[in-house]
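*Asks:* Sequence plus predicted model, see below.
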Amino acid sequence: MQKEILLQALDQNQIQFWEICNKITPENVGFQLNDETPPIGFIFRHIGEALSWYGAIFGLPADSENAKTNEAPELDIERSRFLVEQGFKKIKAYVENTPDSDWLEIIEAPLFGKISRARLFSRVLFHNSHHLGQVSLTLMRGEKID
């Protein structure tokens with residue numbers, strides 16, 4: 001039952017994620033709330049790269065480095081979509097293949113220190129939701145800032 005709960009939580013996170021991120025277009029990918037906030041495309045790419053980073057902490061192979069700039073490559077919608085899709089697939093497979101008894105095991109995680117797998121999993125969902133809120137707000141109120 002524990003595995004099913006984790007899978008449902010991940011599934012709900014994905015559903016909400018794609019409801020918002022499927023609204024990202026070439027016309028709005030560069031939108032920002034102001035000149036001190038990153039554009040939508042950067043946030044989208046960051047989420048995909050962060051999913052890979054979290055997966056690496058779980059011991060899964062990483063696909064990319066964490067995004068650190070607002071340069072043009074982060075505005076590539078298809079590359080970002082690919083990274084997110086791959087990240088969700090890897091995390092889902094990890095949940096499906098991890099025994100229930102392993103979720104309370106403490107692992108060492110960069111930035112977080114010693115943390116249980118279950119708590120790290122919850123950070124994945126929170127991270128996605130946090131940035132999804134940013135994307136949603138920027139889609140509603142943002143504009144192209146030069």
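*Replies:* Right, received. Where do you want to start?

*Asks:* What distance do you get for His46 to Leu10?
*Replies:* Counting by C-beta to C-beta, to the nearest Å, the separation of His46 from Leu10 is 19 Å. Using the backbone N, CA and C atoms, a C-beta is placed for each residue, glycine as well.

*Asks:* show me the biggest helix of this protein in terms of residues.
*Replies:* For the chain, the helix that runs over the most residues, judged by DSSP state H, is helix 117-141.

*Asks:* Please tell me the pLDDT value assigned to the most centrally placed residue in the chain.
*Replies:* Nearest residue to the geometric centre of the chain (C-alpha atoms, centre = their mean): Ile47, 3.2 Å. What the model reports for Ile47 is a pLDDT of 95.

*Asks:* Verify the stated contact: it with His131.
*Replies:* Yes. Counting by C-beta atoms under 8 Å, His131 is a contact partner of Ile47 at 5.2 Å.

*Asks:* Which neighbours do those two have in common?
*Replies:* Shared contacts of Ile47 and His131, defined by C-beta atoms under 8 Å, 6 or more residues apart in numbering, are absent.

*Asks:* follow-up on the earlier one: helix or strand next in line after the helix or strand containing the residue nearest to the centre of the chain, which one?
*Replies:* The secondary structure element spanning Ile47 is helix 40-57 (assigned by DSSP states H and E). If you walk from helix 40-57 toward the C-terminus, the next helix or strand you reach (DSSP H and E) is helix 77-97.
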